[in-house]
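Visitor: fold the following, please.
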Amino acid sequence: MSSSERKLWVSMAVLCGVMVGMGCSPRKGYEGPSLPRDRVSLVRLTWPEDVITTERKVDGKKQPPFSKGLLVLPGNHKASMEYFFRDIECAAEGCTEKSYKGLCEVSFVTEAAKKYRIVLATEQRHDWREALVSFFVKNAADGELRQTGWCSKEISQSYRVRSVFSWR
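Guide: Predicted coordinates:
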């Protein structure tokens, strides 16, 4: 490996380390000076792997995709998440792939030194007629459900597919 190639690899490794470090630590989601962890709450938005989120916010502040969450002051807060996912519905006459999009919102109250997990969840119905979407707040320490929110959902695209599986 030449000297210039080695420098390139080292530079890329350093850049990746900086990017990961910036994205993984909790971000400050309030105005003013940084406060100790025992005076703020940690709020983290989560979603399943089959859902694509286009925007995740707490009190209007965006949470990056790989962040450990936002640090907020104790009190009243509002979280929102725009989402997109696909579902395949099959019946005797064939299968249809539907693309859903929507917005979920929840208002909740936090306490100092506590962690909260805001969850967007999808559930496939056994009859494949509709996929359910829910949005709720849990206390991260004990899993206690704190608050449920609402979600809008609309079909953004629907089309017939010939086969769900491809055998070769």
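
Visitor: so where's the protein shaky on pLDDT?
Guide: In the prediction, the chain carries residues with pLDDT under 70 at positions 1-2, 4-24, 124-132, 156-168.

Visitor: could you redo the last one with a cut-off of 80?
Guide: 1-24, 50, 65-66, 85-93, 98, 122-133, 153-168 (pLDDT under 80).

Visitor: now do the strands in it.
Guide: 27-28, 41-46, 52-58, 61-62, 70-72, 75-91, 94-110, 115-124, 131-139, 145-148, 150-151, 154-161 (DSSP state E).

Visitor: distance check, the residue found closest to residue 153 once you drop the neighbours it is linked to in the chain against residue 87.
Guide: The shortest distance from residue 153 to any non-neighbouring residue, by Cβ to Cβ, 6 or more residues apart in numbering, is to residue 102 (4.1 Å). (Each C-beta comes from the backbone N, C-alpha and C, glycine too.) Per Cβ to Cβ, to the nearest Å, residue 102 is found 13 Å from residue 87.

Visitor: cool, residue 142 as well?
Guide: Counting by Cβ to Cβ, the gap from residue 142 to residue 87 is 32 Å.
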